[in-house]
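Asks: Just a sequence and a predicted model for now, questions to come.
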Amino acid sequence: MQAAAISALAAWAAAAVAATGAGFQFFVGRKQATAALISANAALKNSENSGRHKKAEFRQAWINKVIDTLCDHHAIVSTIPSGQSATSEDERKLAGLRTKLAILLNPDEPDTVELLSEIEKIDAISTDADFASAEAKMFTVSRRLLKREWVRIKEELS
């Protein structure tokens, strides 16, 4: 009987040690699983942010392209002397810049339609006073359109 009791006691002790070890393993495993979940959520958030930042970069590049095209157009029309017509080379450049703007801008937005209309008016003007008035309108519409796009970028990054 004594051997059986010792054997039973040893088995009980071994079971207690095994249960304690299993408890530690469960605790460590749970902590590791929680850490892995936190890491996966952080990677997901980083991926989402990366996508938003890339989209904002594309939108900013588009804004810069529109600004550059408007500047190129304005540089040509503002240097043509009053009462004179543009050279054929300038006419070709202006037509190309108008086409580029028409392609870059959304034709369904009222600001786009208004901007392209103002640009057409500027191209047809022959007096300095009319030019200054049309130029001011074109700048107003351009700034409004570009400001709206800038606000979109800021909202996407928020």
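Replies: Perfect, thanks for sending it.
Asks: use CA for all of it now, contacts and neighbours both
Replies: Noted.
Asks: next one: phi and psi at Lys86?
Replies: Heads up, residue 86 is Ala, not Lys. Main-chain dihedrals, Ala86, degrees, to the nearest 10: phi -70, psi 150.
Asks: same question but for Thr112, I mixed them up
Replies: With angles defined as degrees, to the nearest 10, Thr112 sits at phi -70, psi -50.
Asks: wait, it sits on Leu145?
Replies: Yes - counting by CA atoms under 8 Å, Thr112 touches Leu145, with 7.5 Å between them.
Asks: pLDDT weak spots in the chain?
Replies: Applying pLDDT under 70 to the chain flags residues 1.
Asks: ok, now with 80
Replies: Within the chain, the segments meeting pLDDT under 80 span 1, 8, 46-53, 81-84, 126-129, 156-158.
Asks: Following the chain past the helix ranked longest in it, name the next helix or strand.
Replies: Assignment by DSSP state H gives helix 2-77 as the longest helix of the chain. Proceeding N to C from helix 2-77, the next assigned helix or strand is helix 88-104, under DSSP states H and E.
Asks: Which other helices and strands does that next one contact?
Replies: If you count contacts as 3 or more CA pairs under 8 Å, 6 or more residues apart in numbering; DSSP states H and E, helix 88-104 packs onto helix 2-77, helix 110-124.
Asks: Need those in CSV (columns: mean neighbour count and distance to Ser85).
Replies: Below are the helices and strands packed on helix 88-104 laid out as CSV (neighbours: other CA atoms under 10 Å; distance: least, CA to CA, whole Å):
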stretch, mean neighbour count, distance to Ser85
helix 2-77, 13, 10
helix 110-124, 17, 9
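Asks: Export those to CSV and append columns for distance to Leu97.
Replies: Converted to CSV, the helices and strands packed on helix 88-104 look like this (distance: least, CA to CA, whole Å):
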stretch, distance to Leu97
helix 2-77, 6
helix 110-124, 10
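Asks: how about the ones you listed, which one is nearest Ala136?
Replies: Ranking the helices and strands packed on helix 88-104 by proximity to Ala136 (CA to CA) places helix 110-124 first, at 9.6 Å.
Asks: just how off-centre is that closest one within its chain?
Replies: Centroid separation between helix 110-124 and its chain, computed with CA atoms, centre = their mean, to the nearest Å, is 27 Å.
Asks: Run through who's touching that helix.
Replies: Helix 110-124 is contacted by residues 77, 98, 101-102, 105-107, 131, 134-135, 137-138, 141-142, 144-145 when judged by CA atoms under 8 Å, 6 or more residues apart in numbering.
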